[in-house]
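>>> Fold the stuff below for me.
(2 chains)
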Amino acid sequence: MSSKNRGVVVTGLGVISPIGLDAAELLASLRQNRSGIRLWESPQLAKKFPAGIVDRDFSGEFTKLELPYLDRCSQLAIVAARQAARDAGLEAFGAYAQRAGLFYGTVGGGVATEHEWVRQFHLENKQLPRPYTIMACMLNAAPAHISIRHQILGPVMTHSSACTSSGSAIGDAFRAIRDGYLDVAIAGGAEAAMLPTFVALWGGLRALAEPDPVDVSRSCRPFSTDRNGLVLGEGAVFLLLESREHASQRGAHPYCAMSGFGIASDGYHIGSPKAEGQVAALRDALRDAGLQAQQIGYVNAHATATAGGDPVEAAALREVLDDVPVSSTKAIHGHLLGAASAMELAVAILAVNKSLLPATAHLDSIDPACALNHVANTPIFDHPVEHALSLSAGFGGTNVALIVSRENSLPSKALKTTIA
Amino acid sequence: MHVQNVIKEFLQERFDIAPERITESTSMSDVGLDSMMMLEIMLELEDRLGIKLKDLSMPANPTLHDVVALVERNQAAQGQ
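Numbers count the residues shown, from 1 in each chain, chains lettered A, B, ... in the order given. Predicted coordinates:
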């Protein structure tokens, strides 16, 4: 057994998102602050909604023998996890036996497959679904498929804590490596729940944004005085985490170090956030990383653009992280639910790796109740970020803060960029 | 239609398994069919052939021959 308190580094990134189908495309979108929000509609819903859609069908990546088991959520997850593993140059984990793990977060899992079966049950009087339907619905279907494909034989864990699902998954992977239980882990999350029944469930909250009448891509406006709700999205984002020692031994170069994980629960209300819980998560992460608040150079906020949520988060950030540059990139990618934390940590990783402060798009008028050091509308380039933090807050009251830092021990790798 | 052809046709339609890849002695696992997909095939054969498969006993790792034999045994038991 290895010693405790080992350094942990990020050596692989996999991104399937509304603003990029790999990390390089994500970076290009962040630099241009290009929105991936567009109009989504269903013949079964009278209202149209703005949404962060991944405009690609991935079923062609799989054989017809595989597809019956694979909800779109699993397809996105498999492709993004494979990207992260390939990016790190580590695709087969069997030789690690129980020292390789997989930590995954989702909210709906195979909900599209499940709701389709419910439709068949009620409308077609079917008594039994196909044999594999239950396997495609399970929340842990995607990580199971990833573990089978990549022979990940240690813990294969599924987290579901609403919008913090992938954040707590990444946090637990980080701890497992740092504390000596694992050498390497794939960690992240996936969501593919843009189906009328699921969107309508969220509509029930009366918290979904209306499409902007002039430019639908501007419909998600975190921290703005005229924000009018959250914008649902889909996607899958995974990191390859490993101990610094392990990366060094195999000559792998990290994008950055992973340095802190804080988790705290509100114990307050099923659907309303509380600043105290977020404050506790932020302080827990700083303590875990051994950092002072003023050392944080960038915060990617949760900021879903709801009337009630943004001011609560702004209050928590003001209390703990005075004057740190903050943005919410949900303005351009939407709320990826189970993949949200992982997506926004990927943005924080790029901030550190590329000396970039991503901006909150469409932030022309900052709500005074959300006063912060906002990076508004225009990203800031060539701005060194030593430590970046991503905060997520989930329905149910779970809050997660994750901190990534510039890697100073091993030679780090700069993300390769595509021509934008 | 001959039972064997019904099976081959279904395997091609649903799973892209070319008929020429399968002979009587080809095991179903060799073309990538697991136990759940075998169950799927049985359900499909019930629909396509209009029978109820009451006797589902087959050797481990069944071949196409074994599946055909199972169907024909059930057809005979039901007087078809």
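>>> Going by C-alpha atoms from here, please, whenever you check contacts or count neighbours.
OK.
>>> do stretch B:10-26 and chain A meet at all?
Yes: contact between stretch B:10-26 and chain A is present through B:Arg14, B:Phe15, B:Asp16 (criterion: C-alpha under 8 Å from any C-alpha of the partner chain).
>>> Please list the residues outside that stretch that contact it.
Residues outside stretch B:10-26 that contact it (C-alpha atoms under 8 Å, 6 or more residues apart in numbering or on different chains): A:Thr63, A:Lys64, A:Leu65, B:Lys8, B:Glu9, B:Val31, B:Thr63, B:Leu64, B:His65.
>>> mind listing what's buried in that stretch?
Of all the residues in stretch B:10-26, those buried under the rule 16 or more other C-alpha atoms under 10 Å in any protein chain shown are B:Phe10, B:Leu11, B:Phe15, B:Ile17, B:Ile22, B:Thr26.
>>> of those residues, closest to A:Arg72?
Of all the buried residues of stretch B:10-26, A:Arg72 sits closest to B:Phe15, with 18.1 Å by C-alpha to C-alpha.
>>> any idea which residue of chain A is furthest from its center?
A:Asn125 (38.2 Å; C-alpha atoms, centre = their mean).
>>> Against A:Arg56, how distant is it?
33 Å (C-alpha to C-alpha, to the nearest Å).
>>> same deal with A:Leu286?
38 Å.
>>> Give me the more crowded residue out of these two.
Neighbours per residue, other C-alpha atoms under 10 Å in any protein chain shown: of A:Leu286 and A:Arg56, the larger number sits with A:Leu286, 24 against 10.
>>> That one belongs to a helix?
Yes: applying DSSP: H, G, I helix; E, B strand; the rest coil, one finds A:Leu286 inside a helix.
>>> So which of the contacts of stretch B:10-26 are in helices?
B:Lys8, B:Glu9, B:Leu64, B:His65 (DSSP state H).
>>> The last one and B:Asp30: what is the separation?
What it means is B:His65. Remark: distance between B:His65 and B:Asp30 (C-alpha to C-alpha) = 14 Å.
>>> What's the local residue count around the closest residue to chain B within the stretch 101-250 of chain A?
For the stretch 101-250 of chain A and chain B, the shortest gap (C-alpha to the nearest C-alpha) falls at A:Pro131, measuring 5.9 Å. Residues contacting A:Pro131 under the criterion other C-alpha under 10 Å number 17.
>>> can you check the one 3 residues further on too?
The burial count assigned to A:Ile134 is 15, neighbours taken as other C-alpha under 10 Å.
>>> Read off the pLDDT value for whatever residue of chain B ends up closest to chain A.
Proximity of chain B to chain A (C-alpha to the nearest C-alpha) peaks at B:Phe15, 4.7 Å away. In this model, B:Phe15 is scored at 94, pLDDT.
>>> Provide the backbone phi and psi angles at it.
phi -120, psi 10 (degrees, to the nearest 10).
>>> got the contact list for A:Glu242?
Residues in contact with A:Glu242 (C-alpha under 8 Å, 6+ apart) are A:Val8, A:Val9, A:Val10, A:Thr11, A:Ile177, A:Asp183, A:Val184, A:Ala185.
>>> just the buried members of the ones in helices among the contacts of stretch B:10-26?
Looks like the ones in helices among the contacts of stretch B:10-26 have B:Lys8, B:Glu9, B:Leu64 buried, using 16+ other C-alpha under 10 Å.
>>> List the residues that contact the spatially most central residue of chain B.
Central residue of chain B (C-alpha atoms, centre = their mean): B:Val67, 4.3 Å from the mean position. By C-alpha under 8 Å, 6+ apart, the contact list for B:Val67 reads B:Met58.
>>> One more: A:Ala351?
Applying C-alpha under 8 Å, 6+ apart to A:Ala351 gives the contacts A:Tyr298, A:Leu357, A:Pro358, A:Val385, A:Ala388.
>>> Can you tell me which of the residues you listed is nearest A:Ala84?
A:Ala388 (20.3 Å).
>>> Residues contacting the helix or strand containing that closest one, please?
In this structure, A:Ala388 sits in strand A:387-393 according to DSSP states H and E. Strand A:387-393 is contacted by residues A:163-164, A:167, A:273, A:278, A:282, A:295-302, A:341, A:344-345, A:348-349, A:351-352, A:399-406 when judged by C-alpha under 8 Å, 6+ apart.
>>> so after that strand, what's the next helix or strand?
Downstream of strand A:387-393 (by DSSP H and E), the next one is strand A:398-405.
>>> Just want the angle from that following strand to strand A:387-393.
170 degrees (axes from the mean of the first three to the mean of the last three C-alpha atoms, to 10 degrees).
>>> Which other helices and strands does strand A:398-405 contact?
Secondary-structure packing of strand A:398-405 (3 or more C-alpha pairs under 8 Å, 6 or more residues apart in numbering or on different chains; DSSP states H and E): helix A:165-178, strand A:256-265, helix A:275-289, helix A:340-354, strand A:387-393.
>>> one more time with 7 Å
Other elements packing on strand A:398-405 under the criterion 3 or more C-alpha pairs under 7 Å, 6 or more residues apart in numbering or on different chains; DSSP states H and E are strand A:256-265, helix A:275-289, strand A:387-393.
>>> And for that strand, what's in contact with it?
A:161, A:164, A:167-168, A:256-266, A:277-278, A:281-282, A:285, A:349, A:352, A:386-393 (C-alpha atoms under 7 Å, 6 or more residues apart in numbering or on different chains).
>>> now those residues: which count as buried?
Listed as buried from those are A:161, A:164, A:167-168, A:256-266, A:277-278, A:281-282, A:285, A:349, A:352, A:386-393; burial here means 16+ other C-alpha under 10 Å.
>>> Now the residue nearest to the centre of chain B, what are its backbone angles?
According to degrees, to the nearest 10, B:Val67 has phi -70, psi -40.
>>> what's around residue 54, how many residues?
Picking chain A for this. Using other C-alpha under 10 Å, A:Val54 has 22 other residues around it.
>>> nope, chain B please
13.
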